[in-house]
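>>> Quick one, structure for this:
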Amino acid sequence: QVQLVESGGGLVQAGDSLRLSCAASGRTFSTMGWFRQAPGKEREFVAAINWSGSTTYYIDSVKGRFTLSRDNAKNTLYLQMNSLKPEDTAVYYCAARNFLRHITNPIYDNWGQGTQVTVSS
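Below you'll find the predicted structure:
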């Protein structure tokens, strides 16, 4: 059974850092990514990384602040979030896929349950 389990969310102040983790089980995935959904807003595609880690994608609002990495031996994806802002407050979801699409394509077929990130001003 395929499962994605996020962890690492929490309540922090603006300027602080958090590292989210997504532990995958049941299979490995070629592409993994993070989405987020703030209250009253649609789910937003945040970042993605390919199997080797050689290719990454970030939306403009997180470039230079967020960094993706993955440990394939542990089947785990990480999102290091630095210089957090109140507008980063959202539920963050891990996503994964094996079908081939461009790294910027937001279509995924495996999802975690989400982890809350709250950034106070």
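>>> ok, and the closest non-adjacent residue to residue 13?
Using Cβ to Cβ, 6 or more residues apart in numbering and skipping residues adjacent in sequence, the residue nearest residue 13 is residue 120, 5.4 Å away. Bear in mind the C-beta positions are built from the backbone N, C-alpha and C, glycine included.
>>> Please apply the same query to residue 84.
residue 119 (4.5 Å).
>>> tally of neighbours for the residue nearest to residue 13?
Residue 120 has 11 neighbouring residues, counting by other Cβ atoms under 10 Å.
>>> Tell me who's in contact with it.
11-14, 86 (Cβ atoms under 8 Å, 6 or more residues apart in numbering).
>>> does residue 73 sit in a helix, a strand or a coil?
What DSSP: H, G, I helix; E, B strand; the rest coil gives for residue 73 is coil.
>>> any idea how far it is from residue 28?
10 Å (Cβ to Cβ, to the nearest Å).
>>> just to revisit the earlier point, let me know the distance separating the residue nearest to residue 84 from residue 97.
Applying Cβ to Cβ to residue 119 and residue 97 gives a distance of 28 Å.
>>> out of these two, which sits in the more crowded spot?
Between residue 119 and residue 97, counted using other Cβ under 10 Å, residue 119 has the larger neighbour count: 20 against 17.
>>> does that one sit in a helix or strand, and which one?
Assigning secondary structure by DSSP states H and E places residue 119 in strand 115-120.
>>> For the residue nearest the centre of the chain, give its distance to residue 21.
Residue closest to the mean C-alpha point of the chain, counted by Cα atoms, centre = their mean, is residue 34 at 2.5 Å. The span separating residue 34 from residue 21 equals 11 Å under the rule Cβ to Cβ.
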